[in-house]
Each structure stands twice: as C-alpha cells, then as structure tokens.
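[1] build me a model from this:
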Amino acid sequence: MIALFACLLLLLIGLYAVVTKRNIIRIIIGFSLVEYAVNLFFALVGFKHNGIPPIITHLGQSRSNFVDPVPQALVLTAIVIGLATTALMLALAMRIYEKYRTFDITEIRRLKG
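    Reported below is the predicted structural model:
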C-alpha cells in the first residue's frame with residue numbers, strides 16, 4: 001500500500017513538473033519521474049508476497065505461488081525505451097539551447113516569433 005502511494009506521488013510530482021514548469025530540463029525530469037512511476041506500478045502489479053521464481057524444478061511443485069514474469073519483462077522493456085526517449089529529449093534540448101541560448105519556453109517562443 002505504501003509503495004502504491006509512492007507510485008502515485010511520483011506520478012503527481014512528474015505531472016506537476018511537466019505542466020507548470022517553463023524550463024525544458026525540468027520538463028524532461030518531470031517526464032522521467034512519470035516514467036519511473038509507471039515502471040514502479042508495473043513492478044508492483046507483478047509482486048507476490050512469498051512468491052517463488054516461475055521456474056519449475058520438480059514436477060510436483062505447486063504452481064499457485066509463482067511470480068508473474070510478464071510485468072518484469074514489461075518494466076525492462078520500458079526502461080530501455082525510456083532511456084532512449086530521455087536521450088532524445090536531452091539532445092533536442094541541447095540543440096534548442098545552442099540556437100536560442102536559453103531553456104525557458106516562453107523566451108524561446110518570444111525569440112522564435
């Protein structure tokens with residue numbers, strides 16, 4: 001329950017940063033926080049207290065307490081995709097800074113127009 005609250009808190013902080021901040025770097029950090037919140041939620045969905053790995057070593061082994069490996073695979077894939085999108089956003093932010101010499105969105109809009 002506490003972990004789900006932490007997940008929700010991370011999501012809300014990230015959304016706040018994306019919606020209210022004017023600095024591109026802070027917006028990218030907000031997107032990263034949202035990504036971490038979603039990854040944490042997926043990991044929590046697959047968690048089972050006193051669960052065992054989903055590897056059958058004995059034929060008579062009980063299958064009721066296996067941990068579901070699909071959320072773990074989804075989180076690993078999401079981490080790789082998140083790293084790529086964060087790298088792309090940072091590369092675009094660097095290009096914008098080289099052109100306008102600022103990370104402020106309102107200043108960039110003013111200089112662009």
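[2] nearest residue to Thr86 in space, please, no chain neighbours.
    Spatially, and ignoring its direct neighbours in sequence, Thr86 is nearest to Ser32 (5.9 Å; Cβ to Cβ, 6 or more residues apart in numbering). The way it works is simple: take the backbone N, C-alpha and C, and place the C-beta from them, glycine included.
[3] right, I mislabeled it, should have said Phe31
    Using Cβ to Cβ, 6+ apart and skipping the chain neighbours, the partner closest in space to Phe31 is Val18 (6.1 Å).
[4] surely the one you found touches Val34?
    Yes. Contact criterion Cβ atoms under 8 Å: Val18 and Val34 qualify, at 7.0 Å.
[5] so which elements touch the longest helix along the chain?
    Longest helix in the chain, counting residues (DSSP state H): helix 70-100. Counting by 3 or more Cβ pairs under 8 Å, 6 or more residues apart in numbering; DSSP states H and E, the packing neighbours recorded for helix 70-100 are helix 24-45, helix 105-112.
[6] try it again at 6 Å.
    Here helix 70-100 touches helix 24-45, going by 3 or more Cβ pairs under 6 Å, 6 or more residues apart in numbering; DSSP states H and E.
[7] buried residues, the helix it packs on. List them.
    By neighbour count with 16 or more other Cβ atoms under 10 Å, helix 24-45 contains the buried residues 24, 27-42.
[8] middle-most residue in the protein, spatially?
    Geometric centre of the chain, nearest residue: Glu35, 1.4 Å, by Cα atoms, centre = their mean.
[9] contact partners for it?
    Gly82 (Cβ atoms under 6 Å, 6 or more residues apart in numbering).
[10] again, 8 Å this time
    By Cβ atoms under 8 Å, 6 or more residues apart in numbering, the contact set of Glu35 is Gly14, Ala78, Gly82, Thr86.
[11] check the residues you listed for burial and list the buried ones.
    Gly14, Gly82.
[12] which pair of the contacts of Glu35 spans the longest distance?
    Greatest spacing in the contacts of Glu35, by Cβ to Cβ: Gly14 and Ala78 (14.5 Å).
[13] in this protein, where is pLDDT below threshold?
    Low-confidence segments of the chain (pLDDT under 70): 59-63.
[14] which of the contacts of Glu35 lies closest to Met1?
    Gly14 (20.7 Å).
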